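# Whatever this is, show me its structure:
(chains A and B)
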Amino acid sequence: MIVAERKSIPELIEILRGHERILVLGCGTCVTVCLFGGEREVCILASALRMASRLQGFPLQVDELTIERQCDNVFIEEAAEAIDKVDAVLSIGCGAGVQAIAERYPKKPVYAGLDTVFLGILEERGVWNEKCASCGACVLHDFGGICPITRCAKHLLNGPCGGSREDRCEVRPDLPCAWQLIYQRLVNIGQTDKLKKITPPKNWSTSLAGGCRGAVREDHRI
Amino acid sequence: MAETEFQPRIVAFCCTYCAYAAADLSGSMRIQYPPNIRIIKTPCTGRLEVQFFMRAFEKGADGVLVAGCLEGGCHFIEGNLFAKKRVNYAREMLAELGLEKERLRMVNVSAAESRPFAEFVTEIVETVRRLGPSPLSKNQTSAKMESSS
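Residues are numbered from 1 along each chain as shown, chains lettered A, B, ... in the order given. Got it, this is the predicted structure:
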C-alpha cells in the first residue's frame, strides 16, 4: 500500500492563497487505509482550511469529495461536476492520484495535500513501515523475503556491515538489522546456502534512471 | 461589569454514562456552574471524531469541552481513551491552523462527581474568557461591542 502524510496547514494555506473556492478531493484506496486521505480526513482538512483561511483574512470556500480511486479514470469522472465548480483542487491522494487528476483537467490547478512517502504495510494500528523501494528488479527470492534494499540502511546485498549491535541497525537503532532478519529467516526456511551466493552490484537502470517507468500487458489492451 | 463581560459559548460533549449524569446530579444538588455550556449528550466519548470538534469551532464555538468517564471506568472499556487521543490530535491541529489549543479540553468525571463537573465547567469558561472570543465566532463583533461598552 502507498503511505502518505499530510502537509502542514500553514504550508497548505500558502499553496492555496489566491484562490476563492477549492475542492478537497480524497481517495478511497491506499491513503484511506493509511488514514491521511480518506473521507474522514477530507472532512477534517476542509474544516481546518476553512478556519485557517478565515483567520488569515482570505476566507476560502472549501468543497469536499472523496472518490474511490484517484489513479483511475473511471473513478475520476465522478469528480468532474465538483471540479468544474472550483478554482483549484487540493488532492489528498498519493502523488499518482494528484497527477492523474491534473492530466484529466489540464486547465485546473491541482495541488498535492499530502507528501507521498513510501510503499509499506500496516505494522500495527496507526503504524506503517516501508517495505518496498519499487526498484524495478526484485531480489526478495534471494533474501528470504526480506528486502535489503529497503530495510538495510546501507542497502547492502552481500551480508551485514558489521556495525550492528545485538540485532539493531547501526544507523537507526530503532530498527532491526535487516541482515539479522534475513539470516534468521533463511535459517527458519532452511535456505542458508543462499548466503554463499555473491550478489553482483545492483543494476539501478530499472529504478528511477531514464524517466518514469511504464508497464504494458498487450494481452489486455483494447 | 458582569453584564458586559464576554460570555463564551462552549460546546460540551458529555458521555451519557458519566458526565451527563454528573451534570444532571449537579442540578439536583443545586450546584452552580456558569451557564455558558451547551451540552450534547453522546453515547460514549469514543463516538466523538476529530471532525466534531473542528466543526464546532468552525461554527463559532469559543471552546469545546469533552467530558468522559474516569480512565478505566468507560462503559465501553476504552472509548474515553480513544477520545483522549483524538482530542490531543485535534488540539495540535487547532494550534497548527491558528487557534489556541486551550480552547479544547477533555476531562474525566464519574456519574457521582457533580462538584468536579461544575469545577471543570467553571475552569474552561474562565480559560476561554481569558483567551477572548474565538476569531471565528459569529457573535465576535457583538462580544467586542459588549466588552467595550
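
# contacts, neighbours, all on C-alpha from now
OK.

# Can you show me the helices along the chain?
In the absence of a named chain, this looks at chain A. Per DSSP state H, chain A carries helices over the ranges A:9-16, A:30-33, A:39-55, A:73-76, A:80-84, A:95-104, A:148-151, A:178-188.

# nope, chain B please
Under DSSP H, chain B gives helices at B:19-28, B:50-58, B:79-97, B:114-131, B:140-148.

# With mean pLDDT, mean neighbour count and distance to chain A added, can I get these in TSV?
Listed next are those as TSV, based on pLDDT from 0 to 100; neighbours: other C-alpha atoms under 10 Å in any protein chain shown; distance: least, C-alpha to the nearest C-alpha, whole Å:
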stretch	mean pLDDT	mean neighbour count	distance to chain A
helix B:19-28	97	21	26
helix B:50-58	97	21	5
helix B:79-97	97	19	5
helix B:114-131	98	19	15
helix B:140-148	46	14	13
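
# which residues touch the residue nearest the centre of chain B?
Nearest residue to the geometric centre of chain B (C-alpha atoms, centre = their mean): residue B:65, 1.6 Å. By C-alpha atoms under 8 Å, 6 or more residues apart in numbering or on different chains, the contact set of residue B:65 is B:10-13, B:104-107, B:121, B:124.

# before we move on, the earlier item: would you turn the helices of chain A into TSV with mean pLDDT, distance to residue A:112 and mean neighbour count?
TSV is the format used below for the helices of chain A (pLDDT from 0 to 100; distance: least, C-alpha to C-alpha, whole Å; neighbours: other C-alpha atoms under 10 Å in any protein chain shown):
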stretch	mean pLDDT	distance to residue A:112	mean neighbour count
helix A:9-16	97	9	16
helix A:30-33	95	13	21
helix A:39-55	97	13	22
helix A:73-76	94	16	14
helix A:80-84	97	15	15
helix A:95-104	97	6	18
helix A:148-151	96	25	22
helix A:178-188	97	33	19
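
# and the residue nearest to residue A:64 when sequence neighbours are not counted, how many residues sit next to it?
Nearest residue to residue A:64, sequence neighbours excluded (C-alpha to C-alpha, 6 or more residues apart in numbering or on different chains): residue A:24, at 5.1 Å. Residues contacting residue A:24 under the criterion other C-alpha atoms under 10 Å in any protein chain shown number 28.

# For residue A:24, which residues are in contact?
So residue A:24 contacts A:42, A:45-46, A:62-65, A:89-92 (C-alpha under 8 Å, 6+ apart).

# Tell me the one of these nearest chain B?
Checking these against chain B with C-alpha to the nearest C-alpha, the nearest one is residue A:45 at 8.7 Å.

# still on that earlier bit, excluding chain neighbours, give the residue nearest to the residue nearest to the centre of chain B in space.
Nearest to residue B:65 is residue B:12, by C-alpha to C-alpha, 6+ apart, at 4.5 Å.

# circling back: which members of the contacts of residue A:24 occur in strands, if any?
Secondary structure assignment (DSSP state E) places A:62-65, A:89-92 from the contacts of residue A:24 within strands.

# mind checking how far residue A:187 is from residue A:194?
Distance, residue A:187 to residue A:194, using C-alpha to C-alpha, to the nearest Å: 10 Å.

# List, one by one, the residues from chain A near chain B.
A:8-10, A:40, A:43-44, A:47-52, A:54-55 (C-alpha under 8 Å from any C-alpha of the partner chain).

# could you redo the last one with a cut-off of 7 Å?
Residues of chain A lying close to chain B by C-alpha under 7 Å from any C-alpha of the partner chain are A:9-10, A:43-44, A:47-48, A:51-52, A:55.

# Make a markdown table from the ones in strands among the contacts of residue A:24 and add neighbour count and pLDDT to it.
Output for these, formatted as a markdown table (neighbours: other C-alpha atoms under 10 Å in any protein chain shown; pLDDT from 0 to 100):
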| residue | neighbour count | pLDDT |
| --- | --- | --- |
| A:62 | 21 | 98 |
| A:63 | 21 | 98 |
| A:64 | 17 | 98 |
| A:65 | 19 | 98 |
| A:89 | 27 | 98 |
| A:90 | 25 | 98 |
| A:91 | 27 | 98 |
| A:92 | 33 | 98 |
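
# closest to residue B:37 among the residues you listed?
Distance to residue B:37 across these (C-alpha to C-alpha) is lowest for residue A:62, with 28.7 Å.

# I'd assumed residue A:46 was in contact with that closest one.
Yes: with contact defined as C-alpha atoms under 7 Å, residue A:62 reaches residue A:46; the gap is 6.0 Å.

# Leaving out chain neighbours, which residue sits closest to residue A:70?
Using C-alpha to C-alpha, 6+ apart and skipping the chain neighbours, the partner closest in space to residue A:70 is residue A:97 (4.6 Å).

# thought the one you found was touching residue A:71?
Yes: look at residue A:97 against residue A:71 with C-alpha under 7 Å: they come within range, at 4.5 Å.

# measure the nearest residue to residue B:72 once chain neighbours are set aside to chain A for me?
Sequence neighbours aside, residue B:78 is the residue nearest to residue B:72 in space, at 7.2 Å (criterion: C-alpha to C-alpha, 6+ apart). Separation of residue B:78 from chain A (C-alpha to the nearest C-alpha, to the nearest Å): 15 Å.

# Tell me how many other residues surround residue B:78.
Count around residue B:78 with other C-alpha under 10 Å applied: 17.

# Then residue A:217?
Neighbour count for residue A:217, taken as other C-alpha under 10 Å: 6.

# I'd like the distance between it and chain B.
43 Å.

# okay, now the domains of chain A?
Chain A breaks down into these domains under automatic domain parsing: A:2-118, A:135-201.

# Ok, which of these comes nearest residue B:37?
Shortest separation from residue B:37 across these is recorded for domain A:2-118, at 21.7 Å, computed as C-alpha to C-alpha.
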